[in-house]
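> Return atomic coordinates for the entry below.
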Amino acid sequence: MLPAPLAAHLAARELERRRAEQSAEFARQLPLHVEDPSWRMPPEDGEAEASSPLPDWATNY
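The predicted structure is shown next:
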């Protein structure tokens, strides 16, 4: 048996609470990415050669 649906004002309040919770979690994790700028740096020469080249889809099937 399905539970009864929430009243509109209760559903709106719950949605607002969940959005605030998700925003707070997102904001909490932002400093983790600011402290590590390595993801913005271009790859070093050794790393660029080690990665496999992208396939040429126009000529190699």
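> Low-confidence stretches in this protein?
Within the chain, the segments meeting pLDDT under 70 span 1-2, 32-40, 45-52, 60-61.
> Show me where it has its helices.
Remark: helices assigned in the chain by DSSP state H are 8-34, 45-50.
> The first one packs against which elements?
Packed against helix 8-34 by the contact rule (3 or more C-beta pairs under 8 Å, 6 or more residues apart in numbering; DSSP states H and E) you find no helix or strand. Just so you know, the C-beta spots here come from the backbone N, C-alpha and C atoms, and that holds for glycine as well.
> is it possible to export the helices of the chain to CSV including distance to residue 57?
Output for the helices of the chain, formatted as CSV (distance: least, C-beta to C-beta, whole Å):
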stretch, distance to residue 57
helix 8-34, 33
helix 45-50, 21
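> closest to residue 56 out of the ones you listed?
Ranking the helices of the chain by proximity to residue 56 (C-beta to C-beta) places helix 45-50 first, at 17.8 Å.
> Check the burial of residue 30 by counting its neighbours.
9 (other C-beta atoms under 10 Å).
> got it, and residue 8?
There are 8 residues near residue 8, going by other C-beta under 10 Å.
> can you check residue 55 too?
Neighbour number of residue 55 under other C-beta under 10 Å is 9.
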